[in-house]
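*Asks:* coordinates only, sequence not included:
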């Protein structure tokens, strides 16, 4: 790669340490050039050459930077992404893209007017479990899919150490946090639903943000459910897909986050490889014969997203996650809150 994209990361908490810096460091098309840390120098302990800025304004003034990663609390995404675009930088925004769909549309228009890349880090498209689920569905081996249920469950009564996630306010709670992943996965396979019904609740004793949700997304023949609870000790399979002639059942098994938290880099051996006991169960009929077998997982790799961003900036290739996709996710979230508050099914924009 002849071009090297100098990149600044807006924060170095868990997201910066785990989901961004290692990929920027390993991919030869990027340079992890700068980071914002208000008072610490944690990034330099692992990446000695990185510049540390004490504010976003200081980092955006760095003319060498071509790409900015906005990985700050959800309510800041619109403001920080807008500032970066206005500074002439290409931008990656963490999910959820913005708190309100209208903000996302404004950012998309701004990026287009300036000829800049604006991409959203929906990294769970590159999970091993989701990749094999999508492959099975798109192969047609289940027939017409009639029911799809995706879970992202935890068992955690205590509040998060990430204080910004537990303070009530715009963009907080499980639906914006984990729901963004699930909704994006459904929309990526099946497209935009016609309507949504939702039940969104607070179930932990000391919580003031939603930590339980169930959404039903309405399509012509398909009903897709996305569910999350922070109080599930014995989790069901994360993916339960039922078609006219078959079913596919799959655990949530991507290991990349665990590998990254152990300090591994994404060029490590067996990166993103699933263990055989996590393989999904396919039960269907093929050429008149009933088939019941376990299907090997596909290796997960978030680097595919970053490589896509590189190709989009350096070679004018397609954006791996366009803002319009992420705007639709936010539209579903906003409609879900409306549904939960009113107890009614809410129609979604076409």
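*Replies:* Great, that's in hand. Since this is a predicted model, take the numbers as computed values, not measurements.
*Asks:* Can you tell me the strand partners of whichever strand or helix holds residue 249 and which way each runs?
*Replies:* According to DSSP states H and E, residue 249 maps onto strand 247-250. Partners of strand 247-250 in the sheet, by DSSP bridges, are strand 239-243 (antiparallel), strand 280-286 (antiparallel).
*Asks:* quick one: buried residues of that strand?
*Replies:* In terms of neighbour count (16 or more other Cβ atoms under 10 Å), strand 247-250 has its buried residues at 247, 248, 249, 250. Every C-beta, even on glycine, is put in place using the N, C-alpha and C of the backbone.
*Asks:* now do stretch 29-46
*Replies:* By 16+ other Cβ under 10 Å, the buried positions in stretch 29-46 come out as 29, 30, 31, 32, 33, 34, 35, 36, 37, 43.
*Asks:* residues touching the nearest residue to the fifth one once chain neighbours are set aside, list them.
*Replies:* In space, residue 33 comes closest to residue 6 once its chain neighbours are excluded; the distance is 4.2 Å by Cβ to Cβ, 6 or more residues apart in numbering. Neighbour list for residue 6: 30, 31, 33, 34, 64, 65, 66, 67 [criterion: Cβ atoms under 8 Å, 6 or more residues apart in numbering].
*Asks:* Look up how far residue 62 lies from residue 6.
*Replies:* 8 Å (Cβ to Cβ, to the nearest Å).
*Asks:* Can you work out which residues contact both of the two?
*Replies:* Residues touching both residue 6 and residue 62 (Cβ under 8 Å, 6+ apart): 33, 34.
*Asks:* which residues touch residue 101?
*Replies:* Contacts of residue 101 (Cβ under 8 Å, 6+ apart): 327, 330, 331, 334.
*Asks:* among these, which ones are buried?
*Replies:* Here, 16+ other Cβ under 10 Å leaves 327, 330, 331, 334 buried among the contacts of residue 101.
*Asks:* rewinding a little: list just the nearest of the contacts of residue 101 to residue 109.
*Replies:* residue 327 (11.0 Å; Cβ to Cβ).
*Asks:* For that closest one, give me phi and psi.
*Replies:* Main-chain dihedrals, residue 327, degrees, to the nearest 10: phi -60, psi -40.
*Asks:* what's the answer for residue 188, then?
*Replies:* Torsion angles, degrees, to the nearest 10, at residue 188: phi -60, psi -40.
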